[in-house]
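# just a sequence and a predicted model for now, questions to come.
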Amino acid sequence: MLHTTVTQLIGQTPLMSIDVPDRNATLVLKIEKNNPGGSMKDRMARSMVVAALQDGRLAPGGTIVESSSGNTGTGLALAALEFGLRFIAVVDHHAAPDKIRMMRALGAEIRYVEGDFREDEVAVVERQKLAAQLGAQLPGALFMNQSDNPANPEGYAGLVDELLGQLPNGINAFVGCVGTGGSMTGISQRLKRHNPAVRTIAVEPAGSIVFGKPGHPYYQSGTGTPAGDEVGKVLDYGCIDEGVQVTDTQAFETARYIARRRDCSSVVQRVALSTRRWSLSPLVS
Ligand SMILES: Cc1ncc(COP(=O)(O)O)c(C=O)c1O
């Protein structure tokens, strides 16, 4: 099939498996970085824009505004190009420079929130405030508000269809991270509708407040809810069986280890799937 727009390349991402023989389990990674904007957020970004155009909250030639750490922003920049919209991304000093460059290259306007923030402090509250303000003030503008936008979880319907097709032998458990909660909710609800026995495990950074633990600064970008911010209204706790936390060191070490590994079988010495708690416990040396 020949595609004619970049956004038609969203989805159909491959799977990579890691055997865990001593647990008689296989860990399967859905490689969402293969989406054209580099993350699963491409799916929900386009879904939010399509929904707003369909119900008239956004008119052709209008402006979309969103607070983003970079991934949603890149997805929205792609959707803005597809539909001929202006896009303003509201970011803070925490956003990765490569993501800012990518959004700019795709035509997004970047607005930094002002303030005297610590290096490890995520200024989500200020970002949300400025994005809401711009959305209300600029003519023809709409604040996408991903934390409160039902088209965010809806945007993952295609991912679940892909998973069910790619894993015909069934899925016992799903592990995902939680920021707004849109992906965890959209995926978990659908998986459970298909098979109520699927266990769902949501992962947040240590320092995030989604599951009631005390907040403190963390470096994992995009995921989690920092202290002072509100947990996303799109998050449905009812479809999540367990919440676990990972430290920055665990997250960064595990990502690098998996990216650099040459032999799948050696991973079992480093990544253990605990059957007792059904939590993914990266073992960091
Ligand atoms: C790559 C990536 N994964 C996961 C998340 C969190 O996903 P959600 O907002 O659906 O909870 C984000 C949030 O920005 C992200 O950028």
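Yep, that arrived. Numbers count the residues shown, from 1 in each chain.

# going by C-alpha atoms from here, please, whenever you check contacts or count neighbours.
Fine.

# now do the helices in this protein.
Per DSSP state H, the chain carries helices over the ranges 41-54, 71-83, 97-105, 124-137, 151-154, 157-166, 182-194, 248-260.

# residues of the chain that sit close to the ligand?
Contact residues (C-alpha under 6 Å from any ligand atom) of the chain with the ligand: 39, 71-72, 177-184, 222-223.

# if I look at the spatially closest residue to Met144 that is not a sequence neighbour, how far off is Pro205?
In this structure, Met144 finds its nearest non-sequential neighbour in Glu66, 5.6 Å apart by C-alpha to C-alpha, 6 or more residues apart in numbering. According to C-alpha to C-alpha, to the nearest Å, Glu66 stands 22 Å off from Pro205.

# could you report the neighbour count for Gln133?
Gln133: 13 surrounding residues under other C-alpha atoms under 10 Å.

# rank the residues of the chain next to the ligand by pLDDT and give me only the lowest.
On pLDDT alone, Gly222 ranks lowest of these, at 82.

# contact partners for it?
With contact set as C-alpha atoms under 8 Å, 6 or more residues apart in numbering, Gly222 has these partners: 68-71, 179.

# could you identify the most distant pair in those residues?
Gly70 and Gly179 (13.0 Å; C-alpha to C-alpha).

# those two: which has the busier surroundings?
Neighbour totals were compared for Gly70 and Gly179, and Gly70 leads with 28 against 23 (other C-alpha under 10 Å).

# identify the residue nearest that one in space, chain neighbours excluded?
Closest residue in space to Gly70, ignoring its immediate chain neighbours: Lys99 at 5.2 Å, by C-alpha to C-alpha, 6+ apart.

# give the contact list for Thr247.
Counting by C-alpha under 8 Å, 6+ apart, the residues that Thr247 touches are 205-206.

# and the pLDDT for it?
97.

# relative to Ala227, how far out is it?
Thr247 sits 16 Å away from Ala227 when distances are taken as C-alpha to C-alpha.

# still on that earlier bit, residues in contact with the residue nearest to Gly70?
Lys99 neighbours (C-alpha under 8 Å, 6+ apart): 70-71, 74.
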